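>>> here you go, sequence then predicted model.
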Amino acid sequence: MTGRPIPPRPGPDGPSARLAEMLRVDHAGELAAGAIYRGQRAGFRGSRRLGRALATIADMERQEAGHLARFEALLLERRVRPSLLSPLWRAAGFALGAATALIGERAAHACTEAVETVIEAHYGRQIAELGAAEPELSREIAAFRADEIAHCDAAVAEGARQAPAYALLSAVVRAGCRAAIRAAEKI
């Protein structure tokens, strides 16, 4: 996937179709992000040693829930259907979160860093693509992007890059996120 914005589609419905793809994938991404954090909390449940990590994850989950609520409202306002794969995004997100938490705290943070790195770049491309055509939406996505960057920074500060098999784990999670973005735009 290149870092360049997708060029406008020809025809009268082109811009609205592209906007629908953006909203659909953003909604799916926030749905999956919340599920990842729920999975991580489930994987850490019962561990007294991880109180701070659980609090951090719960805070990130609350922010993602706010993003999700806004995208749900935008889907309704703009009459855009959500991804037909929403049940898959929930299940896969939860499984990813739980699996990385069971590996360990640093692996969970590595998952967060990988996901948020892909999403931050994705939002950056959308902001550039929306430009002056959708200034309010562009500002909202920029605010959400700032939250994703903060989540990534927090994960790095908590030892994400010291996770077991960090390079492999990070590469697999990033590749999965990129594939999910492409699928959620269309399906």
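Received, thanks.

>>> report how many residues lie close to residue 181.
Residue 181 has 18 neighbouring residues, counting by other C-beta atoms under 10 Å. Where C-beta positions appear, they are placed from N, C-alpha and C, glycine not excepted.

>>> I'd assumed residue 29 was in contact with it.
Yes. The pair residue 181 / residue 29 is scored as a contact, 7.1 Å apart, by C-beta atoms under 8 Å.

>>> pLDDT below threshold where in the protein?
Flagging of the chain using pLDDT under 70 yields the residue ranges 1-14, 48.

>>> could you pick out the longest helix of it?
Selection of the longest helix in the chain by residue count, based on DSSP state H, yields helix 14-44.

>>> residues contacting residue 105?
Contacts here follow C-beta atoms under 8 Å, 6 or more residues apart in numbering; on that basis residue 105 touches 44, 50, 53, 158, 159.

>>> excluding chain neighbours, what is closest to the second one?
Spelled out, it's residue 50. Sequence neighbours aside, residue 44 is the residue nearest to residue 50 in space, at 4.8 Å (criterion: C-beta to C-beta, 6 or more residues apart in numbering).

>>> geometric centre of this protein: which residue is closest?
residue 29 (4.3 Å; C-alpha atoms, centre = their mean).

>>> ok, that residue to residue 154 distance?
Residue 29 is 18 Å from residue 154, where distance means C-beta to C-beta, to the nearest Å.

>>> now do the helix or strand encompassing residue 119: distance to the chain's middle.
Taking DSSP states H and E as the criterion, residue 119 maps to helix 105-130. On the basis of C-alpha atoms, centre = their mean, to the nearest Å, helix 105-130 sits 6 Å off its chain's mean C-alpha point.
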